[in-house]
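Peer 1: what's the 3D shape of this:
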Amino acid sequence: MTRWGMLIGVALLGVTQWTASATSIGQVWQDGELVSRRTVPVGHDIFQKQFVYRVQASTARYVVVSDEPLKLDLHVPMRFTVTRRHLVIQDLDGSERKTAILRKLKNTSHGR
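Peer 2: Have a look, this model is predicted:
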């Protein structure tokens, strides 16, 4: 193996280790529930849609959008984790769906 080949191999190994640790560290799952859902058309194409959800958690409320519908019912407990701009939501079958956060509101002491 040439010197460059060995350097590229070490660099790729480092990158894969870094990305694997970046996805597993800091993922704190929270409990919440979907309190509403809405399907909205995108642009002029009547067949292209986005799905807007309101998520209620103990510490905050979120409005999120997804290109695919979630496999969850309203007012049923669910699990999610928060990243900078996304909510990763676990569906009923355990698969994880990434949704974009449109709005985040902190819960007040009286529950609203």
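Peer 1: so which residues of the chain form helices?
Peer 2: In the chain, the helices defined using DSSP state H lie at 3-24.
Peer 1: wouldn't Arg97 be in contact with Asp67 here?
Peer 2: No - with contact defined as Cβ atoms under 8 Å, Arg97 does not reach Asp67; the gap is 9.6 Å. For every residue, glycine as well, the C-beta is placed using N, CA and C.
Peer 1: any idea how far Val28 lies from Asp73?
Peer 2: With distances taken as Cβ to Cβ, to the nearest Å, Val28 is found 24 Å from Asp73.
Peer 1: and the two? Which one has more around it.
Peer 2: Neighbours were counted for Val28 and for Asp73 using other Cβ atoms under 10 Å; Asp73 has more, 11 against 6.
Peer 1: strands of the chain, residue ranges please.
Peer 2: Taking DSSP state E, the strands of the chain run over residues 30-42, 45-57, 60-66, 77-82, 86-90, 96-106.
Peer 1: so what touches the second one?
Peer 2: Strand 45-57 is contacted from outside by 30-42, 61-70, 80, 87, 89, 99, 102, 107, using Cβ atoms under 8 Å, 6 or more residues apart in numbering.
Peer 1: so how do I select the buried members of those residues in PyMOL?
Peer 2: Filtering these down to the buried ones (16 or more other Cβ atoms under 10 Å) takes a single PyMOL command:
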select buried, resi 32+33+34+61+62+63+64+66+70+80+87+89+99
